[in-house]
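Mind looking at a prediction? Sequence and model below.
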2 protein chains.
Amino acid sequence: MARQSASAVVAQLLRERILTGAYPDGMALRQEALSQELGVSRVPVREALRELGAEGLVANVAYKGAVVAGVGLGELRERVEYRAVLETWLLNAAIPFLEDADLDAAEAIIREMESCTLEEWSALNWRFHAALYRRAGKPFVLDALRQLHERIERYLRVHLQITHGRPKAHADHRQILALCRAKDVQRATAALNAHILNVSDTLVASVQAARDHAPSLPRRRCGASARSGGADVPSAVPLPENHAEGGGAGQDSVPGGLDSAKQARS
Amino acid sequence: MARQSASAVVAQLLRERILTGAYPDGMALRQEALSQELGVSRVPVREALRELGAEGLVANVAYKGAVVAGVGLGELRERVEYRAVLETWLLNAAIPFLEDADLDAAEAIIREMESCTLEEWSALNWRFHAALYRRAGKPFVLDALRQLHERIERYLRVHLQITHGRPKAHADHRQILALCRAKDVQRATAALNAHILNVSDTLVASVQAARDHAPSLPRRRCGASARSGGADVPSAVPLPENHAEGGGAGQDSVPGGLDSAKQARS
DNA sequence: GATGCGCGGATCGGATCCAATTCATGCATG
DNA sequence: CATGCATGAATTGGATCCGATCCGCGCATC
């Protein structure tokens, strides 16, 4: 191993930090600080930031820097609906091919989820869902779905923490699994759809509440200078302001969405 | 303007060249040649390649370089089905909100498509479809769909050229538009679904035929060696082969799919 | 006292230079 | 004659240096 380039390592590290929420929305990612922390030059850091920019995880602005791209409320809702559409489709396609082994594996995952940390829960949640869809034979779509899951995950985490929604989710999972065992495509997809959309409503509500409670993002000032104590999550500097709250419906957290993908077609 | 970095310019240029098919699947993108041709150093080229790698357009391999990522037959089929699912969903959501102005605009686009080049046709085709979905109020999904369109486009182009499928497509479009005018959600989505999947079958078949006809990919490499005359699409030279044809069903053109997005989760 | 301007630190983007890796060719050897 | 290994060119990846841009601060001016 260790065959991969430094850019890839940096990109993976930053990706994890963003997806786990260690780097909150809107946080500025300074090249210098990161390169210093990770012991590499700024070049691989820059490449990593560009990569993450293409993935939509950060917003790059020329000569200003990169900030962790947040997801607006409307977009969050949209993503959850998107998730519901994809998952019901995949489940519908997969059920006929589901074998006992697959279902048993899924059940094992459910049992694991009974007692685990919140971080583990997220990963297991994805594994459970993916286990049900793998037989659909659509790896490309499955990968797109995985990415979608990842992007929603961090918001879902805070939501679960607040609402203690895990028991409900577990019950849903068991029900869905049972309907899959019964090969009841109609009811299974309906239950799945309800499961996802149900989360959606409460999720959007709790995220909204959280943002209302602290409308001014707690941008932290950097200070990579402070060397006291072991800095676990080091380089992170708040960034120059930017509350260009584009009025209108739904409040977006960060201006940048996916910018690099935006191109004008003649 | 001109406020964007050189990396962004290079990325956009390469993107267009790949999506239009100027750079065929499997072509090696050499940093040195590109930087020389575009008059920049290798650094912004590298960043652009990494960006495109994150988008899945090229496959980056450490210390080996980047090649234009092809789409395997199975994956192509999958993408078209994916497209059908997204488009029917969006149309379904949009129809209630479609106003006469939207429908008239769509009809104008159809008329434009009657007589235009193949390049223009692709762009107009997207604009027509997008016009029908915009009212769904799902910009994020619409953007994802646009990307999906772009990736299929180049294969569709050759397909249309071979099969002369444009008249059929036009008829489909007119029918779909009429059903939208009638607010007949059921029939409209059904017609749309058939329209897309119908293309799918013949598309996959023709791509397969094309690949069977020339199984050994004419790998070319980019580069601007020939200085005579205005070289619009830089010269092309063969490249190290690599036909690690993983047996199994469906032949993949290029090993790399979207690699940078692949990460092992503990 | 408010406003416009210029300067300087901080940060980013790009170019050049150097190290690391891969592949191919050719030679030695069994 | 086939096979394994060394050596070299070609190419990529990373580090350092330099110019460009942005932002905040202070000062002059009205």
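Cool, the structure landed. Just so it is clear, the structure is predicted and the values come from calculations on it, not from any experiment.

who's in contact with residue A:173?
A:110, A:113, A:128, A:195 (Cβ atoms under 8 Å, 6 or more residues apart in numbering or on different chains). C-beta here means a position set from N, CA and C on the backbone, and glycine is covered the same way.

which of these sit farthest apart?
A:113 and A:195 (13.9 Å; Cβ to Cβ).

Distance to residue B:68 for the contacts of residue A:173 - can I get that in a markdown table?
What follows is the contacts of residue A:173, written out as a markdown table (distance: Cβ to Cβ, whole Å):
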| residue | distance to residue B:68 |
| --- | --- |
| A:110 | 42 |
| A:113 | 41 |
| A:128 | 36 |
| A:195 | 40 |
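
Now tabulate those residues in JSON lines and tack on secondary structure.
Listed next are those as JSON lines, based on DSSP: H, G, I helix; E, B strand; the rest coil:
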{"residue": "A:110", "secondary structure": "helix"}
{"residue": "A:113", "secondary structure": "helix"}
{"residue": "A:128", "secondary structure": "helix"}
{"residue": "A:195", "secondary structure": "helix"}
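
I'd assumed residue A:31 was in contact with residue A:38.
No - in this structure, residue A:38 is not within contact of residue A:31 by Cβ atoms under 8 Å, at 10.8 Å.

tell me, what's touching these two both at once?
Common neighbours of residue A:38 and residue A:31 (Cβ under 8 Å, 6+ apart) are residue A:45.

Could you pull up phi and psi at the residue in the stretch 51-200 of chain A that DNA strand D sits nearest to?
Residue of the stretch 51-200 of chain A nearest DNA strand D, by Cβ to the nearest atom of the strand: residue A:63 (3.9 Å). When quoted as degrees, to the nearest 10, the phi and psi of residue A:63 stand at phi 60, psi 10.

Tell me where the stretch 101-250 of chain A has helices.
A:118-133, A:139-163, A:166-181, A:185-213 (DSSP state H, counting those that start in this stretch).

With mean pLDDT as new columns, can those helices be given to me in TSV?
Formatted as TSV, those follow (pLDDT from 0 to 100):
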stretch	mean pLDDT
helix A:118-133	93
helix A:139-163	90
helix A:166-181	93
helix A:185-213	86
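
among the ones you listed, which is nearest DNA strand C?
helix A:139-163 (22.7 Å).

so what does that closest one touch, helix or strand wise?
When contacts are defined as 3 or more Cβ pairs under 8 Å, 6 or more residues apart in numbering or on different chains; DSSP states H and E, helix A:139-163 packs onto helix A:6-19, helix A:73-94, helix A:118-133, helix A:185-213, helix B:73-94.

Can you list the buried residues in that helix?
Judged by neighbour count (16 or more other Cβ atoms under 10 Å in any protein chain shown), helix A:139-163 contains these buried residues: A:140-146, A:148-157, A:159-160.

so which of the residues you listed are also by DNA strand C?
With the criterion set as Cβ under 7 Å from any atom of the strand, no member of those is near DNA strand C.

Please list the residues of the stretch 51-200 of chain A that sit near DNA strand D.
So the stretch 51-200 of chain A meets DNA strand D at A:62, A:63, A:64 (Cβ under 7 Å from any atom of the strand).

and those as TSV, adding neighbour count, pLDDT and distance to chain B?
Below are these laid out as TSV (neighbours: other Cβ atoms under 10 Å in any protein chain shown; pLDDT from 0 to 100; distance: Cβ to the nearest Cβ, whole Å):
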residue	neighbour count	pLDDT	distance to chain B
A:62	10	95	5
A:63	6	95	8
A:64	12	95	11
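
Before we move on, what's the pLDDT of residue A:237?
We note a pLDDT of 41 for residue A:237 in this prediction.

With residue A:214 instead?
Checking the pLDDT column for residue A:214, the value is 64.

Now do the contacts for residue A:153.
Neighbour list for residue A:153: A:19, A:122, A:126 [criterion: Cβ under 8 Å, 6+ apart].

How much space separates it from chain B?
11 Å (Cβ to the nearest Cβ, to the nearest Å).

And that residue, how close does it get to residue A:76?
12 Å (Cβ to Cβ, to the nearest Å).

got the contact list for the nearest residue to residue A:88 once chain neighbours are set aside?
Spatial nearest neighbour of residue A:88, excluding adjacent residues (Cβ to Cβ, 6 or more residues apart in numbering or on different chains): residue A:189 at 4.5 Å. By Cβ under 8 Å, 6+ apart, the residues touching residue A:189 are A:88, A:91, A:92.

Which of these has the largest number of neighbours?
Counting neighbours by other Cβ atoms under 10 Å in any protein chain shown, the top entry in these is residue A:91, with 24 neighbours.

so what pLDDT did that residue get?
Looking at residue A:91, the pLDDT reads 97.

what's the answer for the one 3 residues further on, then?
Residue A:94 is assigned a pLDDT of 96 by the prediction.

Now do the same contact list for the closest residue to it other than its chain neighbours.
Spatially, and ignoring its direct neighbours in sequence, residue A:94 is nearest to residue A:136 (3.9 Å; Cβ to Cβ, 6+ apart). By Cβ under 8 Å, 6+ apart, the residues touching residue A:136 are A:90, A:91, A:93, A:94, A:97, A:142.

And for residue A:135?
A:94, A:97, A:98, A:99, A:102.

are any of these buried, and which?
A:94, A:98, A:102.

which one of these sits closest to residue A:182?
residue A:98 (10.9 Å).
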